[in-house]
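Participant: What follows is a predicted protein model with its sequence.
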Amino acid sequence: MSRDPLKEYLKDPDRRAKLFLLMTGGMILSTVLITIGTIILILLLLGII
């Protein structure tokens with residue numbers, strides 16, 4: 001019987017909380033970067049930059 005390493009890692013609540021914070025930070029960062037890229041693209045298309 002093989003063990004799932006992710007389930008073994010997530011058994012500890014502290015590790016689960018740390019992973020949650022890292023994933024939340026990553027999602028927020030990716031949203032901000034996509035927004036900035038979209039604004040820059042629109043400004044380039046309008047000829048402002």
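Facilitator: Perfect, I can see it now.

Participant: pLDDT below threshold where in the protein?
Facilitator: 1-2 (pLDDT under 70).

Participant: in it, which spans are helices?
Facilitator: Residue ranges of the helices in the chain, as given by DSSP state H, are 5-9, 13-46.

Participant: Using TSV, lay out these together with mean neighbour count.
Facilitator: Any C-beta I mention is one placed from the backbone N, CA and C, and that applies to glycine too. TSV is the format used below for these (neighbours: other C-beta atoms under 10 Å):
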stretch	mean neighbour count
helix 5-9	9
helix 13-46	10
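
Participant: Can you tell me which residue is spatially central in this protein?
Facilitator: In the chain, the residue lying closest to the centroid (C-alpha atoms, centre = their mean) is residue 26, at 2.2 Å.

Participant: Look up how far residue 38 lies from that one.
Facilitator: Per C-beta to C-beta, to the nearest Å, residue 26 is found 19 Å from residue 38.

Participant: Over to residue 4?
Facilitator: For residue 4, the distance to residue 38 - C-beta to C-beta - is 38 Å.

Participant: One more: residue 46?
Facilitator: Residue 46 sits at a distance of 13 Å from residue 38 (criterion: C-beta to C-beta).

Participant: residues near residue 10, how many?
Facilitator: For residue 10, the neighbour count with other C-beta atoms under 10 Å is 13.

Participant: Am I right that it is in contact with residue 19?
Facilitator: Yes - checked against C-beta atoms under 8 Å, the pair residue 10 and residue 19 is within contact range at 7.2 Å.

Participant: Quickly list what's touching both of these two.
Facilitator: Listed as contacting both residue 10 and residue 19 by C-beta atoms under 8 Å, 6 or more residues apart in numbering is no residue at all.

Participant: Could you check how far residue 20 is from residue 35?
Facilitator: 23 Å.
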